[in-house]
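Engineer: How does the following fold in three dimensions:
(2 chains)
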2 protein chains.
Amino acid sequence: MNFETLRWNEGRLELLDQRLLPQRIAHLSLKSAKEVARAIREMAVRGAPAIGCAAAFGIALEAFRLKHLDKESFLPALDEAFSILSESRPTAVNLFWALDRMKAVFDPGNDPETSAIMLEKEAKSIFERDVEDNLEMGRNGSKLLPEKCNVLTYCNAGALATAGHGTALGVIRTAFSQGKAVSVFACETRPLLQGARLTAWELAMEKIPTTLICDNMAGFFMKKGEIDLVIVGADRVAANGDVANKIGTYTVAVLAKRHGIPFYVACPASTMDMKASSGDEIPIEERNDAEVKGYRGIEWAARDVSVRNPAFDVTPHDLVTALITEKGVIMSPDAEKLSALFSS
Amino acid sequence: MNFETLRWNEGRLELLDQRLLPQRIAHLSLKSAKEVARAIREMAVRGAPAIGCAAAFGIALEAFRLKHLDKESFLPALDEAFSILSESRPTAVNLFWALDRMKAVFDPGNDPETSAIMLEKEAKSIFERDVEDNLEMGRNGSKLLPEKCNVLTYCNAGALATAGHGTALGVIRTAFSQGKAVSVFACETRPLLQGARLTAWELAMEKIPTTLICDNMAGFFMKKGEIDLVIVGADRVAANGDVANKIGTYTVAVLAKRHGIPFYVACPASTMDMKASSGDEIPIEERNDAEVKGYRGIEWAARDVSVRNPAFDVTPHDLVTALITEKGVIMSPDAEKLSALFSS
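Structural biologist: A predicted model of the protein is given here:
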């Protein structure tokens, strides 16, 4: 990889600022949980696994920043950090999963210095484990890809959305590195254009052949027989296999079904929320009007028009051919199969 | 209407420059067929019926410009104008239909002055008839709309796409003016954003409640039950009822089918191409990469990524609930019903 999405650097969290890519490569250097929460909210860092890692480091940062306090002041201050981070974005469950892991290693009986060391260790472990999981997902998923295929992907579920390698793009990367002739159709992904800006940039760097299309063109190319399969990532998978992912994913799944094209979702177990019995229980973030009325300060829409801007949608599990996880591939996912995955 | 899409002004064709809307209201004043062809190609004027009107006026302009020539020079020069205009854009059939009508009234035996007068008269008649047809379509289509409904539309099939009133938006306008509580979801329509710029602008002017969404959000709102029906326009309808329209229309039709939502296409008979037996025979224009890589000079995509940019797609007739025409509503259109329409 020629870039690092997140880097832990001696008590600083350095983030590649994804709002500026690919025109500018710039890093944020963050020193507090509040700064991390803001970077998540404003999408300097995005992608469910990357958000989880960032939140974990956010807690570690805060513990380092506050370790000089006495225990009585340290505890509520750290609590506050947990709560600020948990409110940064609502849909990607990895955020809450990572914060829960951080909470689980935190022993209020320890002195702040010890706590900081333990929290840093856990954040690093979440980060490192995410890379390993993605590599494993890549190996598991690659087996589903023919020797030669055109893959449609949506948004960015790449190294930029994770600690490294990527989920959906991780599968594509692994297949490509194994010598498979993989070509990618990348949907641009309005309103924030993660496909045009991030996926196209990541794949170009590794010379994986990529064609950029507008989101409304996926049906055209499926109908023409130019797309063999779809792989996307996920922000949260419910216990029955329903998948919340970037807005527009549901439409791609409906189109894939109509054309008999496999629709795969690559995601680590940390993206699965066994407390949500179906997609109906997954909260969907709605973001601001400006994102839809233009892009980055340029407004092209009619001035006074109303806007709706849901950032995610839910694809029901019957449209999902398989979930690709680090624990294996789950064909036709449902509540029983997901439950088995977690009890094994 | 507070604006005129096209205006014939004493040997000049004045066009509202739709590339600049809604930020700037500016008109082009065109003096030759070549200038009109360029305005069509560069989409200063767009929308199948409006393109047909513009092309007809383009021939009239040229006849006026050349009427001082002797007959021997006039004929090939006018031929050249027909050929330049017919090459401006390939998909919307109204262009060819209008040029055929102009050819039909042109008698090479007449002197140029007489020809110019007759061609001007025919162009004006095409223009005036388009407005009448749209009003009739509006009355026919409005009967399909419940007293209170949320209508999703795509691209711009409004007054801006026609000589006035509009096809899809014409139906909405008529229903609204009859007192029906119509709300509109307008898809932004990448890459050229006719929904965000033109439809939202047109509807706001008449205070028809409108919500702008990205193209990839239509499925989300259908799944939530917030959309009662879809109405779009068409660029060409084949003899079997297959509909070529702005890229992304097919996806909306597939989604409507999945959700049991009526999918209506409003178009005049001049948009029907009885020579194309199915949508497979309709040529689909592919436009330049820059449109997909950004918008109006701003490039946001990764620099070297390949692009595909089909401007239209074909919706098979089995996804079309009805065609709304000036001659009546054709439910579940097919070859037999369309053929009957033209023989009646």
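Engineer: pLDDT below threshold where in chain A?
Structural biologist: When the per-residue scores of chain A are filtered using pLDDT under 70, the ranges that remain are A:1.
Engineer: Scan it for its longest helix.
Structural biologist: As assigned by DSSP state H, the longest helix anywhere in chain A is helix A:112-142.
Engineer: near chain B at all, the next helix or strand after that helix?
Structural biologist: For helix A:112-142, the succeeding helix or strand toward the C-terminus, using DSSP states H and E, is strand A:148-153. No: contact of strand A:148-153 with chain B is not found when judged by CB under 8 Å from any CB of the partner chain; the minimum separation is 11.5 Å. Heads up, the C-betas are built off the backbone N, CA and C, glycines and all.
Engineer: neighbouring contacts of strand A:148-153?
Structural biologist: A:145, A:168-169, A:172, A:180-187, A:195, A:199, A:218, A:221-222, A:226-232, A:252 (CB atoms under 8 Å, 6 or more residues apart in numbering or on different chains).
Engineer: which among these end up buried?
Structural biologist: Among those, those buried by neighbour count (16 or more other CB atoms under 10 Å in any protein chain shown) are A:145, A:168-169, A:172, A:182-187, A:195, A:199, A:218, A:221-222, A:227-232, A:252.
Engineer: List the residues that contact the most far-flung residue of chain A relative to its centre.
Structural biologist: Taking CA atoms, centre = their mean, the residue of chain A most remote from its mean C-alpha position is A:Asp70, at 36.4 Å. The neighbours of A:Asp70, taking CB under 8 Å, 6+ apart as the test, are A:Pro112.
Engineer: Need the phi and psi values for it.
Structural biologist: When read as degrees, to the nearest 10, the backbone of A:Asp70 gives phi -80, psi 160.
Engineer: Repeat that for A:Gln18.
Structural biologist: Taking degrees, to the nearest 10 as the convention, A:Gln18 sits at phi -80, psi -10.
Engineer: List, out of the contacts of strand A:148-153, those positioned next to chain B.
Structural biologist: When these are filtered against chain B using CB under 8 Å from any CB, the residues retained are A:Ala186, A:Cys187, A:Ala218, A:Phe221.
Engineer: what's the closest of those residues to A:Met274?
Structural biologist: Nearest to A:Met274 among these: A:Cys187, at 29.6 Å, using CB to CB.
Engineer: what's the distance between that closest one and A:Leu193?
Structural biologist: 10 Å (CB to CB, to the nearest Å).
Engineer: Equivalent analysis for A:Ala63, please.
Structural biologist: Relative to A:Leu193, A:Ala63 is positioned 35 Å away (criterion: CB to CB).
Engineer: Likewise for A:Asn150?
Structural biologist: Using CB to CB, one obtains 22 Å as the distance from A:Asn150 to A:Leu193.
Engineer: Taking the ones next to chain B among the contacts of strand A:148-153 together, which two end up most distant?
Structural biologist: Greatest spacing in these, by CB to CB: A:Ala186 and A:Phe221 (11.7 Å).
Engineer: So which residues of the stretch 101-250 of chain A form helices?
Structural biologist: If DSSP state H, counting those that start in this stretch is used as the criterion, the helices of the stretch 101-250 of chain A fall at A:112-142, A:168-177, A:194, A:200-205, A:218-223, A:249-258.
Engineer: Mind putting the ones you listed into a markdown table with distance to A:Arg7?
Structural biologist: Listed next are those as a markdown table, based on distance: least, CB to CB, whole Å:
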| stretch | distance to A:Arg7 |
| --- | --- |
| helix A:112-142 | 10 |
| helix A:168-177 | 19 |
| helix A:194 | 21 |
| helix A:200-205 | 17 |
| helix A:218-223 | 34 |
| helix A:249-258 | 29 |
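Engineer: Tell me which of those lies nearest to B:Glu113.
Structural biologist: For the helices of the stretch 101-250 of chain A, distance to B:Glu113 was read as CB to CB. The smallest value, 48.2 Å, belongs to helix A:218-223.
Engineer: In contact with the closest residue to chain B within the stretch 1-150 of chain A, which residues?
Structural biologist: Among the residues of the stretch 1-150 of chain A, A:Pro22 lies closest to chain B, at 4.8 Å counting by CB to the nearest CB. Under the criterion of CB under 8 Å, 6+ apart, the contact list for A:Pro22 reads A:Arg197, A:Leu198, A:Ala200, A:Trp201, B:Ala301, B:Ala302, B:Arg303.
Engineer: Let's see that with 6 Å instead.
Structural biologist: Each residue near A:Pro22 by CB atoms under 6 Å, 6 or more residues apart in numbering or on different chains is listed here: A:Arg197, A:Trp201, B:Ala302.
Engineer: For these, please prepare JSON lines with the additional fields distance to A:His27.
Structural biologist: As requested, these are arranged in JSON lines below (distance: CB to CB, whole Å):
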{"residue": "A:Arg197", "distance to A:His27": "17"}
{"residue": "A:Trp201", "distance to A:His27": "16"}
{"residue": "B:Ala302", "distance to A:His27": "19"}
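Engineer: Next, find the distance separating A:Glu326 from A:Leu145.
Structural biologist: Distance check for A:Glu326 against A:Leu145: by CB to CB, it reads 17 Å.
Engineer: just A:Arg197 next, same as before
Structural biologist: A:Arg197 sits 25 Å away from A:Leu145, taking CB to CB as the criterion.
Engineer: Also A:Pro90?
Structural biologist: 33 Å.
Engineer: what number of residues lie near A:Gly179?
Structural biologist: Here the number of neighbours of A:Gly179 (other CB atoms under 10 Å in any protein chain shown) works out to 8.
Engineer: just A:Val307 next, same as before
Structural biologist: Neighbours of A:Val307 (other CB under 10 Å): 22.
Engineer: for it, phi and psi?
Structural biologist: With angles defined as degrees, to the nearest 10, A:Val307 shows backbone torsions of phi -140, psi 140.
Engineer: Please name the residues that touch the residue of the stretch 51-200 of chain A found nearest chain B.
Structural biologist: Here the residue of the stretch 51-200 of chain A nearest chain B is A:Ala200; by CB to the nearest CB that distance is 3.7 Å. Contact criterion CB under 6 Å, 6+ apart gives A:Ala186, A:Thr210, A:Leu212, B:Ala301, B:Ala302, B:Val305 as the residues in contact with A:Ala200.
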